[in-house]
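In: can you look at this prediction? I've put the sequence above it.
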Amino acid sequence: MEILIYLTQQFINGIQLGAVYALIALGYTMVYGVLRMINFAHGDIFMLGAFISYYGITKFNLPFPILILSTSLLTAVIAILIEKIAYKPLRNAPKISLLITAVGVSLFLEYTLSLNAFFTPNYIGFPRPFEIRSYDIGMFSINNIHLIIFSVTIISLALLYLLIYKSKYGIAMRAASHDLEITRLMGIRTDNIISFTFGIGGALAGIGGLLYSMAYPQINVFMGIMPGIKSFIAAVLGGIGIIHGAVLGGFIIGISEVFVSAFLSSTYRDGVIFIILFIFLLFRPNGIFGKNIEKV
Amino acid sequence: MSEKFFEVRNLYVNYGAIKALEDISLSATEGEIISLIGANGAGKSTLLKTICGFIKPLKGKINFKGINLLRLSTDLIVKHGITMVPEGRRIFPNLTVKENLDIGGYSLKNKKIFSELYDFVLKLFPRLKERIKQFAGTLSGGEQQMLAIGRALMSNPKLLLLDEPSMGLSPKITNEIFELIKNINNDKKITIILVEQNAKLALKYSNKAFVMETGKIVLSGESEQIENDPQIIKAYLGG
Ligand SMILES: Nc1ncnc2c1ncn2[C@@H]1O[C@H](COP(=O)(O)OP(=O)(O)OP(=O)(O)O)[C@@H](O)[C@H]1O
Ligand SMILES: [Mg+2]
């Protein structure tokens, strides 16, 4: 009985972490869909989401809904600007140049912002916008941070679903992820669709940064690196380019991580994630939902 | 000299060092069907891709109703009323039939024109109507070709480029498609440039024909005349 309660508790924590990974993984997968590139700077957008909300709370004392909206709006704009400034000029360059540029953007953001004039390399405590409150449900407990993270994630995913499957831009984005050239032949400026994709991915990562900092209230300029890598793994696990794959992958990685920390040791948790990916890719090289990646 | 509806003049296209088109000139009057005939690798698809802005030529001119198309990107060329049904159809298999048609009309601002076109396309291809919610990737080859044509029509084109609409289709479906192309040309007064390997079919359905060989136009004229000239047929079109 004890163990069952403990399991359930860990499962809730796993879903909480998985929700954040899912939000980040979506950006990797959508950008890969339209540009066939891995945006290595995406983890840094997550970090910026955390810092923007930090200032939103400490300097402006924003109410929570406004905090989410302004954080996601700003990270969306930043993601779009990064695309326009750093990636767009390389549209016809080999993919490897794009990849290296993305790594460069990531390092640039991290090390510039770690200067003392900006955020410094130190950890700062993240002030929660709420007092933690625990609720006992039967034998395990759930707190309001869990509940907020779950509901914000669900709302974000529902809005994303509407955007991608019901809006005109969403149709164009799905078309572009299949055939960019023919999408142009539909009278669509694909540059706009690419911006749209980066914007949505940036907004979700920003929300992820805010939610993550509420659960683990220490932020720092390098905080995007590991969640970034793990979310990328989540996207690959689900089948890169596939929206629901990224969501499922995020939850799988989040839950595994929490369980490894709880039952083995937190020292192993990152290593185990890579082992999961490794074993998994042996059997399903294109991820859970992936059919063929090489659809050129 | 009166302004031509559509005109390609002295067009040269290279793929790297490979010459794909050399000194291509052709023109179309409004309402015509023009066919481009030639063997594999003659450069037919290259010409159509250059017209819709996928490929930038080395030199030459392409004008449509007095507009220099070479200055425009593909999305703007489409907004000016030109579109293509590409070789191999290239419908979006991950979108439904309806979404494929919707995206075809993406740039139309006028809702009324959009829904008129939508009705027109579904009337033209009742088979699409029955499969409107299906993913396009699950359609048969012939249905996919219909969808590709329907999708192109949704942009309300004045000039429609068709790249081998008969590819991979049975003779029966091919005839059906060609009859529909004829109807589109009649009903909507859409000018058509038709690429086709089957010379007999192409000549039957077109007003003018251009025969291409290794990147050059080697023969052109009224389709009817060419059709009835056994010597030309023998020399250029393999009997
Ligand atoms: N992207 C490309 N890169 C290099 N060469 C190309 C490319 N596309 C086409 N070519 C070459 O240009 C020439 C013309 O090709 P194109 O596709 O225009 O021929 P086509 O007349 O449409 O032939 P088919 O009837 O087989 O479709 C061919 O020799 C082809 O190999
Ligand atoms: Mg061809």
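Out: Arrived safely. Residues are numbered from 1 along each chain as shown, chains lettered A, B, ... in the order given. Ligands and ions are numbered 1, 2, ... in the order given.

In: quick one: the strand or helix carrying A:G27 near chain B?
Out: Per DSSP states H and E, A:G27 falls inside helix A:2-35. No - Helix A:2-35 lies apart from chain B when judged by CB under 8 Å from any CB of the partner chain; the minimum separation is 10.1 Å. Where you see a C-beta, it was placed from the backbone N, CA and C, and this is true even at glycine.

In: counting contacts, what elements does that helix pack onto?
Out: Applying 3 or more CB pairs under 8 Å, 6 or more residues apart in numbering or on different chains; DSSP states H and E, one finds that helix A:2-35 makes contact with helix A:42-58, strand A:140-143, helix A:144-166, helix A:168-178, helix A:190-215, helix A:225-238, helix A:243-263.

In: any idea how far A:L62 is from A:G250?
Out: 27 Å (CB to CB, to the nearest Å).

In: wait, B:V13 touches B:L21, no?
Out: Yes - shown here, B:V13 and B:L21 form a contact pair, counting by CB atoms under 8 Å, at 4.0 Å.

In: mutual contacts of the two, please.
Out: By CB atoms under 8 Å, 6 or more residues apart in numbering or on different chains, B:V13 and B:L21 have these common neighbours: B:G43, B:T46, B:L47, B:T50, B:P57.

In: how many residues are close by the closest residue to the first one other than its chain neighbours?
Out: Which is B:G43. Closest residue to B:G43 apart from its sequence neighbours, by CB to CB, 6 or more residues apart in numbering or on different chains: B:G215 at 4.4 Å. B:G215: 21 surrounding residues under other CB atoms under 10 Å in any protein chain shown.

In: rewinding a little: the more surrounded of B:V13 and B:L21?
Out: Using other CB under 10 Å as the criterion, B:V13 and B:L21 rank with B:L21 on top: 26 against 22.

In: other SSEs contacting the helix or strand containing that one?
Out: Per DSSP H and E, B:L21 falls inside strand B:18-28. In terms of contacts (3+ CB pairs under 8 Å, 6+ apart), strand B:18-28 is packed against strand B:6-15, helix B:44-51, strand B:216-222.

In: secondary structure class for the residue in the stretch 51-200 of chain A that chain B sits nearest to?
Out: Residue nearest to chain B within the stretch 51-200 of chain A (CB to the nearest CB): A:G187, separated by 3.2 Å. The three-state label for A:G187, taken from DSSP: H, G, I helix; E, B strand; the rest coil, comes out as coil.

In: how about the nearest residue to it, chain neighbours excluded?
Out: Excluding its sequence neighbours, the residue lying closest to A:G187 (CB to CB, 6+ apart) is B:S107, at 3.2 Å.

In: and A:I293, what pLDDT?
Out: At A:I293, the model reports a pLDDT of 47.

In: ok, now the one 3 residues further on?
Out: With respect to pLDDT, A:V296 has a value of 33.

In: got the residues of chain B near ligand 1?
Out: B:15, B:18, B:20, B:38, B:40-46, B:87, B:197 (CB under 6 Å from any ligand atom).

In: show me where pLDDT drops low in chain B?
Out: Within chain B, the stretches with pLDDT under 70 are B:1-2, B:238-239.

In: distance of the residue of it found nearest ligand 2 relative to A:S256?
Out: At 3.0 Å from ligand 2, B:S45 is the closest residue in chain B, using CB to the ion. Distance from B:S45 to A:S256, counting by CB to CB: 49 Å.

In: which residues of chain B fall in strands?
Out: With DSSP state E as the criterion, chain B has strands at B:6-15, B:18-28, B:33-38, B:59-64, B:67-68, B:82-85, B:159-163, B:191-196, B:208-213, B:216-222.

In: CA atoms of the second one as PDB?
Out: The C-alpha coordinates for strand B:18-28 follow below in PDB (Å, rounded to 0.1, in the frame of the first residue of the first chain):
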ATOM      1  CA  ILE B  18      24.000  21.300 -67.300                       C
ATOM      2  CA  LYS B  19      22.000  23.200 -70.000                       C
ATOM      3  CA  ALA B  20      18.400  22.400 -69.500                       C
ATOM      4  CA  LEU B  21      16.700  25.000 -71.700                       C
ATOM      5  CA  GLU B  22      18.200  26.800 -74.600                       C
ATOM      6  CA  ASP B  23      16.600  29.700 -76.400                       C
ATOM      7  CA  ILE B  24      13.000  28.800 -75.700                       C
ATOM      8  CA  SER B  25      10.300  31.100 -77.100                       C
ATOM      9  CA  LEU B  26       6.600  30.500 -77.100                       C
ATOM     10  CA  SER B  27       3.400  32.400 -76.600                       C
ATOM     11  CA  ALA B  28      -0.200  31.800 -75.900                       C
END
